[in-house]
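Novice: take this sequence and fold it.
(2 chains)
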Protein chains: 2
Amino acid sequence: MIAEPLQKMIEEFSKFPGIGRKSAQRLALYLFRTGETDFEKFLEAVFSLKRDLKSCTVCFNITEGEICSICSSPKRDKSILCIVEEASDILHIERANEFRGVYHVLGGVLQPIRGIYKDQLRIAELHKRLTEGVITEVILALNPDTEGDTTTLLLVQELDKYQLKISRLARGLPIGGDLEFSDEATISRAMSGRIIVR
Amino acid sequence: MIAEPLQKMIEEFSKFPGIGRKSAQRLALYLFRTGETDFEKFLEAVFSLKRDLKSCTVCFNITEGEICSICSSPKRDKSILCIVEEASDILHIERANEFRGVYHVLGGVLQPIRGIYKDQLRIAELHKRLTEGVITEVILALNPDTEGDTTTLLLVQELDKYQLKISRLARGLPIGGDLEFSDEATISRAMSGRIIVR
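Specialist: You can find the predicted model right below:
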């Protein structure tokens, strides 16, 4: 009973991550009801997204120019490298405003089941950067899941031949979280990794 | 540090209902990463949404033709009219698969603060349909909030001069809900509107 073009739009929005059928319906109806000016602003943003963005030739972050604003910033410490899965992870880490080094986007993690092996990741590009000798410290910031942990192990092996300080992100209770709502694995990790205070 | 075109797309998605900054970021990044074919399917759906949809001339539902599939269906009972705020509410009611009559989209509810008065609603169009004499029963299905209730009261007055059976949707605990998570107003309504079972 839903008009075909609306149905199609709902289906398209349903493909987006974290968008269920009800949300997709709400988004499609919102877009249908937008005025002409708002709709054109939306369309222009969509076009610009595909037309004006590319991958940074150094770190593979999303950028407008050849080299991203982080790699080209004189304020960033080029000797500390943070390795992440996806360019989106850079946004998340930048939000924390804690890290002042540069990044390397791996482009995924090992997932043999889905046919993602070592060769699909940007490991050759990583070696190329490390052999330049500027980087002295590497932070492994992959997601704290099985694939992320496996890939972290692989990277530790790969980095073995360089003289580097290597670390990975800490695990534990999320700030502002609650023991009641934390899963067993997180609590167990927080316990075994407990910090001695005196 | 976020590239301008990506930033713009995130802002556009943030305007959508129920989409916060984090979700908007996820949507924008997803769209940025879609392949060419998927991106074109998305764009075509967006264009079609604005190009091919209009309002049903009878009930103001969203439709491709002049008259929507509900108004033109021989299976629907034209004597029972369900009045809703927005065309989207038709989708929600249709999903329940309970109502077999036809609809009237009011186009909003009374909101004097936002300058939405009686004249902005499709009440003249409602009178036109009722004077045709086919409709014998009206179901008021506005949202269970202050504006919806005020508008329901107005509609009851407006409909006073016709010989009609008038009802509004029941209030109470949502099915599959939980007393623990129901707000006081809902519980109070469920209590005062309790159904005697024996």
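Novice: check which helix or strand covers the spatially most central residue of chain A.
Specialist: Centroid-nearest residue in chain A: A:D89, 2.2 Å away (criterion: Cα atoms, centre = their mean). Element membership of A:D89 [criterion: DSSP states H and E] is helix A:87-96.
Novice: strands paired with the helix or strand just after that helix, and their directions?
Specialist: Sequence-wise, the next helix or strand downstream of helix A:87-96 (DSSP H and E) is strand A:102-105. Strand A:102-105 has its sheet partners listed here by DSSP bridges as strand A:80-84 (parallel).
Novice: so which bits of the partner strand are buried?
Specialist: Residues A:80-84 are the ones in strand A:80-84 that count as buried (16 or more other Cβ atoms under 10 Å in any protein chain shown). All C-beta spots, glycine's among them, are computed from the backbone N, C-alpha and C.
Novice: what sits up against the longest helix along chain A?
Specialist: For chain A, the longest helix by residue count, based on DSSP state H, is helix A:36-52. With contact meaning Cβ atoms under 8 Å, 6 or more residues apart in numbering or on different chains, helix A:36-52 is reached by A:31, A:34, A:64, B:3-6, B:8-9, B:11-12, B:15, B:28, B:31-32, B:39, B:43, B:46, B:50.
Novice: and if you look at stretch A:184-198?
Specialist: Contacts with stretch A:184-198, where a contact means Cβ under 8 Å, 6+ apart, come from A:170-174, A:179, A:182.
Novice: likewise for stretch A:54-65?
Specialist: A:52-53, A:66-72, A:87, A:90, A:102-105, A:107, A:122, A:125, A:129, B:3-6, B:32.
Novice: from memory A:S167 sits against A:I139, does it?
Specialist: Yes. Using Cβ atoms under 8 Å, A:S167 makes contact with A:I139 at a distance of 5.4 Å.
Novice: ok, the two, which is more surrounded?
Specialist: Taking neighbours as other Cβ atoms under 10 Å in any protein chain shown, A:S167 and A:I139 compare with A:I139 leading, 18 against 12.
Novice: any idea how far that one is from A:H104?
Specialist: Distance of A:I139 to A:H104, given as Cβ to Cβ, to the nearest Å: 10 Å.
Novice: so what sits against both of these two?
Specialist: Listed as contacting both A:I139 and A:H104 by Cβ under 8 Å, 6+ apart are A:81-83.
Novice: residues near A:I2, how many?
Specialist: The local packing of A:I2 (other Cβ under 10 Å) involves 18 other residues.
Novice: kindly report the same for A:L130.
Specialist: Other residues lying near A:L130 total 20 when counted by other Cβ under 10 Å.
Novice: quick one: contacts for it?
Specialist: For A:L130, the contact set (Cβ under 8 Å, 6+ apart) comprises A:81, A:159, A:162, A:164.
Novice: assumed it was part of a helix.
Specialist: Yes. Judged by DSSP: H, G, I helix; E, B strand; the rest coil, A:L130 forms part of a helix.
Novice: any idea how far it is from A:L140?
Specialist: Separation of A:L130 from A:L140 (Cβ to Cβ): 13 Å.
Novice: over to A:S72?
Specialist: Distance of A:S72 to A:L140, given as Cβ to Cβ: 24 Å.
Novice: do A:K54 as well
Specialist: For A:K54 relative to A:L140 (Cβ to Cβ), the value is 26 Å.
Novice: of those two, which one has the most company?
Specialist: Shown here are A:K54 and A:L140; by other Cβ under 10 Å, A:L140 has more neighbours (21 against 14).
Novice: show me how chain A divides into domains.
Specialist: Split into domains by automatic domain parsing, chain A comes to A:4-52, A:74-196.
Novice: endpoints of the first one, how far apart?
Specialist: Pointing back at domain A:4-52 there. The straight-line separation of the ends of domain A:4-52 (Cα to Cα, to the nearest Å) is 32 Å.
Novice: residues touching A:F16, list them.
Specialist: A:24, B:26-27, B:30-31.
Novice: so which of the residues you listed are in strands?
Specialist: Judged by DSSP state E, strands contain none of these.
Novice: any chance of these in TSV, with distance to A:T186, neighbour count and pLDDT too?
Specialist: Listed next are those as TSV, based on distance: Cβ to Cβ, whole Å; neighbours: other Cβ atoms under 10 Å in any protein chain shown; pLDDT from 0 to 100:
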residue	distance to A:T186	neighbour count	pLDDT
A:A24	31	18	94
B:R26	22	19	91
B:L27	27	23	94
B:Y30	27	17	91
B:L31	32	20	94
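Novice: just those residues: which are in helices?
Specialist: Per DSSP H, the contacts of A:F16 map to helices at A:24, B:26-27, B:30-31.
Novice: coming back round to it: so how far is the longest helix of chain A from its chain's centroid?
Specialist: In terms of Cα atoms, centre = their mean, to the nearest Å, the centre of helix A:36-52 is set 24 Å apart from its chain centre.
Novice: repeat that for stretch A:133-140.
Specialist: The answer for stretch A:133-140 is 19 Å, by Cα atoms, centre = their mean.
Novice: give me the mean pLDDT for that stretch.
Specialist: Mean per-residue pLDDT for stretch A:133-140: 93.
Novice: give me the distance between the two termini of that stretch.
Specialist: Using Cα to Cα, the two ends of stretch A:133-140 sit 18 Å apart.
Novice: quick one on the thing from earlier: list the buried residues in the longest helix of chain A.
Specialist: Buried residues in helix A:36-52, counting neighbours by 16+ other Cβ under 10 Å, are found at A:39, A:41-42, A:45-46, A:48-49.
Novice: can you add pLDDT and distance to B:P144 and give those residues back as a markdown table?
Specialist: What follows is the buried residues of helix A:36-52, written out as a markdown table (pLDDT from 0 to 100; distance: Cβ to Cβ, whole Å):
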| residue | pLDDT | distance to B:P144 |
| --- | --- | --- |
| A:F39 | 94 | 31 |
| A:K41 | 95 | 34 |
| A:F42 | 96 | 32 |
| A:A45 | 95 | 36 |
| A:V46 | 95 | 36 |
| A:S48 | 94 | 42 |
| A:L49 | 92 | 39 |
